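Undergrad: The following comprises the amino acid sequence and a computationally predicted model.
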Amino acid sequence: MSQIRIGGACLNQTPIDWNNNFTNISQAIKAAKEQQVNLLCLPELSITAYGCQDLFLSEWLTEEAITQLHKIVPLCTNISVAVGLPIRHDQKIYNTTCLIENGKILGFYAKQILANDGIHYEHRWFSPWPSGEVKELTLNNQTYPIGDQTFHIKGVHIGFEICEDAWNEIRPACRLYDKGVELILNPSASHFAFGKHKIREKLIINSSKKFNCHYLYVNQLGNESGRVIYDGDIILASHGQLLATNQRLSFQSYQLLYFDMDTTQTKYKQTDHVDTLDNNRDFAQAASLGLYDYLRKSRAKGYTLSLSGGADSSSIAVLVALLVSNGVKELGVDRFCKSIHLTPDWHTELTTEEAVQFIVGKILITAYQGTKNSSDDTLNSARSLAASIGAQFKHWEIDEVVSTNHDLVEKAIGRKLTWEQDDIAMQNIQARTRSPLIWMVANITGTILLTTSNRSEGDVGYTTMDGDTSGSLAPIAGVDKPFLLQWLRYAEKELGYDGLASVNSLTPTAELRPKSYTQTDEDDLMPYPILVEIERLGIFQRKSPLIVYQTLAQKLNIDHEVLKNYIRKFYRLWSINQWKRERLAPSFHLDDFNVDPKTWCRFPILSGGFAEELKQLDEA
Ligand SMILES: Nc1ncnc2c1ncn2[C@@H]1O[C@H](COP(=O)(O)OP(=O)(O)OC[C@H]2O[C@@H]([n+]3cccc(C(=O)O)c3)[C@H](O)[C@@H]2O)[C@@H](O)[C@H]1O
Ligand SMILES: Nc1ncnc2c1ncn2[C@@H]1O[C@H](COP(=O)(O)OP(=O)(O)OP(=O)(O)O)[C@@H](O)[C@H]1O
Ligand SMILES: NC(=O)CC[C@H](N)C(=O)O
């Protein structure tokens, strides 16, 4: 009978922030030792961080990773630790985890199945390790086994899978089962996407059943390198039973979970920590954590936001407020302020709620930039939301600047601009006039300008380039407009953001045409729910326009000619606006797909625009 206390620690790492990464690793090891953990598993590529991208190809990076490993080894007295790092061997780079036991390296397991779908591009940097092979790796004149091997720790037979290894039918665990492995460790870097934590949980439970073992899974945590957010889940299952999980999407820099495992035991008390499926809750947590990490890792002083009082910019204001309230809830006021490099300089005693509002006021600057086409409704909505969360609120009118721009161009082209002839240009100049002003505020205050594009706008380019696209981070560009609209109602009712009441009563509108034209987004485009249906089939599921039409004609109660026109419009706008998607600010990956060409969705900038494919709709 072998008893062993096993632990997992998720870590919030940053590419080549050696100090931060080493500190998190050493604190996790220290905490595990204090809890008498015998074997600790850390996430995939914890030493360098997972998202180093082409840095993995630099020789100096893999050398520095080894230097860091040698700093970690002596910390591992009276404990065994599995820590991830890239290893250069025979002119190839492998994604490995190193097993250290009581201050000595036992060997390296190398990932066999590389992640190469969706947002993952591991084949660009790593080679897959051939199954069944073990070779020798020489480091500082010492040789160690590297490859497809198992180990014994305190009498327990253990093996590894690294993240994607586990996501395939034919996988390393099949051979670990044949070898009689009792515990499989899985160091991972598995990105957040709506609902994915339940898929992971099921995968781990099923793996422990199928391979008749204990299975410990440990994910990276937080917004590691800009776009991707990791859940930081630690999941332990045994013989088909879920034994332990932690709180996902934590604001802590590491989290430890441990468990006493007995290899002779196949039945334990099941955990009562049940992680449910709730996209609204997860959006609030993941996006606010994404913004928190972005803020502290970029060392910016805060965020600036052009706040229209409409849905998109308001949802971002609330996410920044959530960054503060979630952070303070988990870390306390002092630790939270320190982590974002802010000195809490208030002099009177504040309640936690007051402190949250105070901090929001320090890090969020909003501005309403009205024109004669703006309404009192949106101004009031913006002002009351800002006041309710404690954000700074500035207000100015831009008509004079817009009209100076008009005068100059009218003189140059020798005629008056009119709405009949110059509609789009006259809309865009308003959006563009707001841009230099709000950028100026961001420059003056040392803050990051947030841009408010959502995914539905990204699909069809419904946005003015260098106008409302201005900014350096797009927190909601990964989610669609209908999701945002219902999330705002959730945030008002369930999260208590009462200041959203008037935002939630407005119909989405760009307010760029004169009021007599009564502009709405959906009149300009199509109903958002239909846009989302076309997007899901055509972009996410990669169906042809004809299949999109046939599927939706069956599913939706809508005139078929109207539907055809929406589909034609979607594909036309999708195709001509790829260049815009190439230029949108970096965005968070939140849904199971996104339209950011740097992560999930690559599409040619110049194309035939589906002309032939759309002709098939004429006969359908
Ligand atoms: N293939 C290509 N490669 C590179 N560039 C290309 C291009 N095709 C056009 N272009 C360029 O793109 C320009 C047109 O793009 P751009 O100037 O952005 O303007 P555009 O896409 O024509 O119009 C902006 C649209 O967004 C809507 N909007 C704007 C602002 C806010 C909101 C809101 O919801 O609040 C909505 C507005 O109602 C309008 O329908 C062309 O003048 C041309 O220079
Ligand atoms: N009057 C305004 N004051 C400040 N910013 C504005 C104003 N009008 C538009 N903007 C900026 O332009 C962005 C794009 O406008 P858009 O209409 O797409 O978004 P929204 O107003 O936030 O939401 P909705 O589309 O639901 O009205 C806004 O999010 C905001 O950043
Ligand atoms: N790092 C990885 O191997 C990630 C790939 C895996 N399919 C996931 O998304 O979780």
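TA: On my side now, so go ahead. Numbers count the residues shown, from 1 in each chain. Ligands and ions are numbered 1, 2, ... in the order given.

Undergrad: okay but residue 152 is in contact with residue 180, surely?
TA: No: look at residue 152 against residue 180 with C-beta atoms under 8 Å: they stay out of range, at 11.2 Å. For glycine as for every other residue, the C-beta is placed from the backbone atoms N, C-alpha and C.

Undergrad: which residues does residue 603 contact?
TA: Applying C-beta atoms under 8 Å, 6 or more residues apart in numbering to residue 603 gives the contacts 574, 575, 578, 581, 597.

Undergrad: The first one - nearest residue in space that isn't next to it in sequence?
TA: It stands for residue 574. residue 459 (5.8 Å; C-beta to C-beta, 6 or more residues apart in numbering).

Undergrad: My reading is that the one you found lies in a helix. Confirm?
TA: Yes: secondary structure assignment places residue 459 in a helix (DSSP: H, G, I helix; E, B strand; the rest coil).

Undergrad: who's in contact with it?
TA: With contact taken as C-beta under 8 Å, 6+ apart, residue 459 is in contact with 531, 535, 539, 570, 573, 574, 577, 595.

Undergrad: Likewise for residue 226?
TA: When the contact criterion is C-beta under 8 Å, 6+ apart, the partners of residue 226 are 51, 294, 586.

Undergrad: can you do 6 Å?
TA: Contact partners of residue 226, counting by C-beta atoms under 6 Å, 6 or more residues apart in numbering, are residue 586.

Undergrad: helix or strand for it, which one?
TA: Using DSSP states H and E, no element contains residue 226; it sits outside every helix and strand.

Undergrad: Name the nearest residue to the residue of the chain found nearest ligand 1, sequence neighbours excluded.
TA: With C-beta to the nearest ligand atom as the measure, the residue in the chain that lies nearest ligand 1 is residue 510; the distance is 3.2 Å. Once flanking residues are discounted, residue 510 sits nearest to residue 519: 5.9 Å by C-beta to C-beta, 6+ apart.

Undergrad: and the one you found, how many neighbours does it have?
TA: For residue 519, the count of nearby residues is 15 (other C-beta atoms under 10 Å).

Undergrad: is it true that it touches residue 525?
TA: No: with the criterion set as C-beta atoms under 6 Å, residue 519 and residue 525 do not qualify as a contacting pair; they are 11.2 Å apart.

Undergrad: Which parts of the stretch 101-250 of the chain are strands?
TA: Chain-ordered strands for the stretch 101-250 of the chain, with DSSP state E, counting those that start in this stretch as the definition, fall at 104-110, 134-139, 142-147, 151-153, 156-160, 183-187, 214-218, 221-223, 229-231, 234-238, 241-245.

Undergrad: So residue 162 versus ligand 3, what's the distance?
TA: 7 Å (C-beta to the nearest ligand atom, to the nearest Å).

Undergrad: Can we start the residue count at 46 from this point?
TA: New numbering, starting at 46: the last item is residue 207.

Undergrad: Contact distance from ligand 2 - what residues of the chain qualify?
TA: Residues of the chain lying near ligand 2 by C-beta under 6 Å from any ligand atom: 351-353, 355-358, 413-415, 419, 423, 479, 497, 513, 553-556, 566.

Undergrad: Out of the residues you listed, which end up buried?
TA: When burial is judged by neighbour count using 16 or more other C-beta atoms under 10 Å, the buried members of the residues of the chain next to ligand 2 are 351-353, 355-358, 413-415, 419, 423, 479, 497, 513, 554-556, 566.

Undergrad: Extract the CA atoms of the helix or strand of the chain with the lowest mean pLDDT and return them as PDB.
TA: When the helices and strands of the chain are compared on mean pLDDT, DSSP states H and E, helix 566-569 comes out lowest with a mean of 90. Extracted in PDB, the C-alpha atoms of helix 566-569 (Å, rounded to 0.1, in the frame of the first residue of the first chain):
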ATOM      1  CA  ASP A 566     -27.400  49.300 -35.800                       C
ATOM      2  CA  GLU A 567     -29.900  46.600 -36.800                       C
ATOM      3  CA  ASP A 568     -31.400  48.800 -39.500                       C
ATOM      4  CA  ASP A 569     -27.900  49.400 -40.900                       C
END
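
Undergrad: got the domain boundaries for this protein?
TA: In the assignment given by automatic domain parsing, the structural domains of the chain cover 48-319, 326-557, 571-665.

Undergrad: The shortest one near ligand 3 anywhere?
TA: Spelled out, it's domain 571-665. No: applying C-beta under 6 Å from any ligand atom, one finds domain 571-665 out of contact with ligand 3, separated by at least 10.2 Å.

Undergrad: mind listing the strands for the stretch 346-495 of the chain?
TA: Ranges of strands in the stretch 346-495 of the chain, per DSSP E, counting those that start in this stretch, are 348-351, 409-415, 437-442, 493-494.

Undergrad: Could you dump those strands into CSV with distance to residue 483 and mean pLDDT added?
TA: Output for these, formatted as CSV (distance: least, C-beta to C-beta, whole Å; pLDDT from 0 to 100):
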stretch, distance to residue 483, mean pLDDT
strand 348-351, 5, 98
strand 409-415, 6, 98
strand 437-442, 9, 98
strand 493-494, 6, 98
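
Undergrad: Just name the most buried of the ones you listed.
TA: Per-stretch averages of neighbours, counted by mean count of other C-beta atoms under 10 Å, single out strand 348-351 among these, with a mean of 28.

Undergrad: orientation of the helix or strand where residue 117 lies relative to strand 179-184 in degrees?
TA: Assessed by DSSP H and E, residue 117 sits inside helix 104-117. Orientation of helix 104-117 against strand 179-184 (axes from the mean of the first three to the mean of the last three C-alpha atoms, to 10 degrees) gives an angle of 90 degrees.
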